[in-house]
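Undergrad: This is a predicted model, with the sequence first.
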Amino acid sequence: MNKDSIGKNKPGGSVSQQIDRALASGEQFGMLLLPGENEPRWFGKGYGSGMMTMEVAPWLAPFASRLVIGDGDTATTTTAAGTHPMPVHRHSTSHAEYINGVEGVIGSCSKRSGKTVYSRAICGHIDPSTTPGRIARSLFEAHPNSLRFIYHTPQTGSWLGATPEILLDFDKTTGEFRTMALAGTRKKAGNSPWDEKNIRENRFVIDFITDSLSRLGITAEVAPLEEVAYGEIEHLCAHIHGTANPGQLPDIMDALNPTPALCGYPKTDAINDLRKFEAHPRGCYGGFVAFSSPRFYKAFVNLRCMQFDTSRYCIYGGGGITPQSVPDEEWAETEAKTTFLQQLANGCHIEKQIR
């Protein structure tokens, strides 16, 4: 994808300029590109999105409390976000803090043979030579096969990201759906076999999804494991599909969110681990971003993301911790997942031609 491929001839300036103007207005808005799309979809007052909406939910927010960004104002207020904006977190997780936390989580997971997705925060000042619009555009063009998004609401503040993980792709007319178990991460390694730790981590997610759907009376089919590339890393992925009653969309979303790919397994134990060992609030990291039309509901997990304001940013990156985890290897995984976004926020890899 070349530097001019996103919104190449759209009026009102480049995509980066449009994003920066929207942010400067202070008004609620959202913009996303579905995987493979080049033309941005804009949402908010005055954007003319009609029956289509962009929906966002913070970490652990239920489906009924999602924020809806459309032609009008926010339709619902999320309990998780509260009534005040989420401030941008200011304290980066140090290496020592992260290692200590991972060691604590490993001990907890060993007792129950489970998994917890433990994250770290990477905070700093946005380089004055760049802007959020330029950061977003560079990120979006680097990951054309991901959902790419940016939004600002009074409840959440400003967020952007490029996520490869489908939470639910749902046909509202037929009830046909697909989701995925995306868990297990390594640097690109050609055709070499995956280790037991990563395969087991992915299996936790498959079992959680199929068991959760089964409790709703839904039978799902699981495809063989495959590899999904994301920049310089790759993930294990199992695609899962089936058919449900079209009216079951809210129940399915609440059953799947959050999956063990962002939380852990068993879910209650993993959430307790995070409350005990994670020192930062997750905000919208681990929640979801969705595109809703009269026929389709396409929700993606909010990861590979950054919260920001006019001068500061906080990037979130995590990994699945199991009894087999090695703390320093987990730190290296979070570095691999977040390095490109860190470089963009610090003014690196920004196309000089993007104005």
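TA: The structure has been received and is ready for your questions.
Undergrad: Who does the residue nearest to residue 187 when sequence neighbours are not counted form a beta bridge with?
TA: Using C-beta to C-beta, 6 or more residues apart in numbering and skipping the chain neighbours, the partner closest in space to residue 187 is residue 233 (5.7 Å). From N, CA and C alone the C-beta is placed, and that goes for glycine too. Beta-bridge partners recorded for residue 233 (DSSP bridges): residue 187, residue 230.
Undergrad: if I look at residue 233, how far off is residue 281?
TA: To residue 281, residue 233 is 26 Å away according to C-beta to C-beta, to the nearest Å.
Undergrad: Kindly report the same for residue 66.
TA: On the measure of C-beta to C-beta, residue 66 and residue 281 end up 18 Å apart.
Undergrad: With neighbour numbers in mind, choose between the two.
TA: The neighbour count for residue 66 versus residue 281, taken as other C-beta atoms under 10 Å, is higher for residue 66 (26 against 14).
Undergrad: where does the more buried one fall, phi/psi-wise?
TA: With angles defined as degrees, to the nearest 10, residue 66 sits at phi -70, psi 160.
Undergrad: surely it meets residue 58?
TA: No - contact criterion C-beta atoms under 8 Å: residue 66 and residue 58 do not qualify, at 9.2 Å.
Undergrad: Hmm, residue 208 is touching residue 258, no?
TA: No - look at residue 208 against residue 258 with C-beta under 8 Å: they stay out of range, at 9.9 Å.
Undergrad: what do those two both touch?
TA: Counting by C-beta atoms under 8 Å, 6 or more residues apart in numbering, the shared contacts of residue 208 and residue 258 are residue 267.
Undergrad: For residue 22, grab the count of nearby residues.
TA: Neighbours of residue 22 under the rule other C-beta under 10 Å: 23.
Undergrad: For residue 184, see how far away the residue nearest to residue 197 when sequence neighbours are not counted is.
TA: The shortest distance from residue 197 to any non-neighbouring residue, by C-beta to C-beta, 6+ apart, is to residue 324 (4.2 Å). Distance, residue 324 to residue 184, using C-beta to C-beta: 12 Å.
Undergrad: Compare these two and say which one has the larger neighbour count.
TA: Taking other C-beta under 10 Å, residue 324 and residue 184 do not tie; residue 184 has more neighbours (27 against 14).
Undergrad: hang on, the more buried one is in a strand, isn't it?
TA: Yes - according to DSSP: H, G, I helix; E, B strand; the rest coil, residue 184 belongs to a strand.
Undergrad: residues of stretch 38-45 that come out buried?
TA: Within stretch 38-45, the residues that count as buried by 16 or more other C-beta atoms under 10 Å are 40, 41, 42, 43, 44.
Undergrad: want to try CSV for the residues you listed, with secondary structure as columns?
TA: Below are the buried residues of stretch 38-45 laid out as CSV (three-state DSSP):
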residue, secondary structure
40, coil
41, strand
42, strand
43, strand
44, coil
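Undergrad: Identify, from these, the entry nearest to residue 247.
TA: Taking C-beta to C-beta as the measure, residue 43 is the one of the buried residues of stretch 38-45 closest to residue 247, at 24.8 Å.
Undergrad: Report the contact partners of the closest one.
TA: Under the criterion of C-beta under 8 Å, 6+ apart, the neighbours of residue 43 are 29, 30, 31, 32, 49, 52, 53, 54, 69, 70.
Undergrad: Would you tell me which one of those comes nearest to residue 346?
TA: Using C-beta to C-beta, those come closest to residue 346 at residue 31, 23.0 Å.
Undergrad: would you list every one of the strands in the stretch 201-350 of the chain?
TA: For the stretch 201-350 of the chain, strands defined by DSSP state E, counting those that start in this stretch occupy the ranges 220-222, 226-230, 233-243, 264-265, 288-292, 296-301, 305-308, 312-321.
Undergrad: Of the ones you listed, give the one that comes closest to residue 126.
TA: The closest of the strands of the stretch 201-350 of the chain to residue 126 is strand 312-321. By C-beta to C-beta, the value is 5.5 Å.
Undergrad: looking at the sheet around residue 177, what are its partners?
TA: residue 170, residue 242.
Undergrad: in the stretch 151-300 of the chain, which ranges drop under the pLDDT threshold?
TA: Within the stretch 151-300 of the chain, no stretch falls below the threshold (pLDDT under 70).
Undergrad: Recalculate using a threshold of 90.
TA: Along the stretch 151-300 of the chain, segments meeting pLDDT under 90 span 188-191, 231-232, 261.
Undergrad: how about the helices in the stretch 101-250 of the chain?
TA: 132-142, 196-215, 249-256 (DSSP state H, counting those that start in this stretch).
Undergrad: Report the buried residues of the last one.
TA: So that's helix 249-256. Residues 249, 251, 252, 253, 255, 256 are the ones in helix 249-256 that count as buried (16+ other C-beta under 10 Å).
Undergrad: which of the helices of the stretch 101-250 of the chain sits most buried?
TA: Compared across these, helix 132-142 shows the largest average neighbour count, a mean of 24 (mean count of other C-beta atoms under 10 Å).
Undergrad: So which bits of stretch 258-268 are buried?
TA: For stretch 258-268, by 16+ other C-beta under 10 Å, it's 258, 259, 260, 261, 262, 263, 264, 265, 266.
Undergrad: Next, the distance between the ends of it.
TA: 11 Å (C-alpha to C-alpha, to the nearest Å).
Undergrad: can you give me the offset of that stretch from its chain's centre?
TA: Centroid separation for stretch 258-268 versus its chain: 14 Å, with C-alpha atoms, centre = their mean, to the nearest Å.
Undergrad: picking that back up, residue contacts, the residue nearest to residue 197?
TA: If you count contacts by C-beta under 8 Å, 6+ apart, residue 324 has them with 196, 197, 200.
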